[in-house]
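Trainee: got a sequence here, can you model it:
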Amino acid sequence: MDAQLGQLLGVPSFATRWFLPHYRPLRSGSWEIRTSSGVLAQGYWSPAVLVEELPALLRDGAVWMSLTPMEIESQEIGLALSRGHVVVMGMGMGWAAMAAALRDEVTRVTVVERDGDVLAIHRELDLFAQLPDAARAKLRVVQADALEWQADAPVDLLMPDIWLPLVSDGRVEEVRRMQANVGAEAIYFWGQEMEIARHARAAGRALDGRGIADTIAEFGLPLVGPTYPGHADIVATVAQRWMRDRWLPGTPQSE
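Mentor: Okay, the predicted model is just below:
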């Protein structure tokens with residue numbers, strides 16, 4: 001039925017190269033997993049598609065995260081460039097850590113999550129059991145605050161995703177705090193393209209390769225991304241699609 005609906009609407013069904021776990025409806029404390037079907041959703045930078053099955057994580061009835069094309073695509077660059085020891089800050093729905101563990105280039109995945117209730121719901125779901133033994137063996141979950149946790153082994157890629165909104169003030173500073181404790185060789189944080197766009201525009205730079213490179217240099221963080229195909233176009237597209245006037249103060253678009 002959903003595929004037929006997609007044909008009627010003239011949109012394709014959602015497909016991704018990344019592994020997506022199967023979620024079952026579950027409630028644990030204030031947290032809950034729900035699923036819906038036949039949802040029309042836009043990607044982070046790609047066109048709208050029909051999502052035939054959409055799981056979501058809710059807290060007190062409000063959606064905290066869902067596996068929409070936007071959510072998945074907004075981690076794509078980091079996952080595509082992941083290797084070695086990857087540290088994921090924030091368990092969320094667990095899919096990004098699992099997708100990283102499935103990559104041959106990744107040798108270890110550490111997930112840092114402070115909320116005991118989130119960890120409890122994941123113990124009940126046991127999503128890691130859906131992975132092959134080799135990928136499952138790479139995963140380790142630590143209960144700790146992302147802003148305080150210190151790495152106990154060299155980290156090749158830090159992937160922070162601890163924020164509810166896609167755009168928030170102070171995010172770059174919070175990533176700097178994490179990096180000071182972790183010392184990762186490379187970083188990809190959720191909403192990174194939005195922060196690059198905000199700071200580039202505030203500095204009067206174009207969202208092209210040079211403007212993006214200069215902005216990243218000012219962050220003082222070893223961000224990955226510019227080597228990803230079409231990166232500058234992606235930054236411009238997601239800023240136009242998702243910024244919604246949340247520019248930095250003094251930026252022409254915010255006045």
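Trainee: only C-alpha atoms from now on, for both contacts and neighbour counts.
Mentor: OK.
Trainee: residue contacts, the spatially closest residue to G250 that is not a sequence neighbour?
Mentor: In this structure, G250 finds its nearest non-sequential neighbour in A202, 6.8 Å apart by CA to CA, 6 or more residues apart in numbering. Going by CA atoms under 8 Å, 6 or more residues apart in numbering, A202 touches 247-252.
Trainee: so for the closest residue to M89 other than its chain neighbours, what's the pLDDT?
Mentor: Counting by CA to CA, 6+ apart, M89 lies nearest to P160, which is 4.4 Å off, once chain neighbours are set aside. At P160, the pLDDT value in this model is 98.
Trainee: just P55 next, same as before
Mentor: 97.
Trainee: surely it is within a strand?
Mentor: Yes - assessed with DSSP: H, G, I helix; E, B strand; the rest coil, P55 lies in a strand.
Trainee: can you verify my assumption that it contacts V63?
Mentor: No - assessed by CA atoms under 8 Å, P55 is found out of contact with V63, at 10.4 Å.
Trainee: those two - which one has more neighbours?
Mentor: The neighbour comparison of P55 against V63 (other CA atoms under 10 Å) goes to P55, with 20 against 15.
Trainee: could you find the closest non-adjacent residue to that one?
Mentor: Closest to P55 by CA to CA, 6+ apart is T35, at 4.2 Å.
Trainee: just checking, next helix/strand downstream of the helix or strand encompassing that neighbour?
Mentor: Per DSSP states H and E: T35 is located in strand 31-36. As assigned by DSSP H and E, the chain's next helix or strand after strand 31-36 is strand 39-41.
Trainee: list the buried ones in that following strand?
Mentor: 39-40 (16 or more other CA atoms under 10 Å).
Trainee: for it, packing partners?
Mentor: strand 49-51 (3 or more CA pairs under 8 Å, 6 or more residues apart in numbering; DSSP states H and E).
Trainee: where does the stretch 51-200 of the chain have low pLDDT?
Mentor: Counting by pLDDT under 70, the stretch 51-200 of the chain shows no low-confidence range.
Trainee: where do the helices sit along it?
Mentor: Taking DSSP state H, counting those that start in this stretch to define them, one finds helices in the stretch 51-200 of the chain at 69-73, 76-80, 95-101, 116-125, 133-136, 171-182, 192-202.
Trainee: and the nearest residue to M243 once chain neighbours are set aside, how close does it get to E185?
Mentor: Nearest in space to M243, with sequence neighbours left out and distances taken as CA to CA, 6+ apart, is M194 at 6.9 Å. Using CA to CA, to the nearest Å, M194 is found at 22 Å from E185.
Trainee: what's the answer for W45, then?
Mentor: For W45 relative to E185 (CA to CA), the value is 27 Å.
Trainee: repeat for P229
Mentor: Remark: distance between P229 and E185 (CA to CA) = 21 Å.
Trainee: those two - which one has more neighbours?
Mentor: E185 (16 against 10).
Trainee: can you pull the contacts of that one?
Mentor: By CA under 8 Å, 6+ apart, the contact set of E185 is 155-157, 222.
Trainee: is it true that the residue nearest to P55 touches V51?
Mentor: No - contact criterion CA under 8 Å: T35 and V51 do not qualify, at 11.1 Å.
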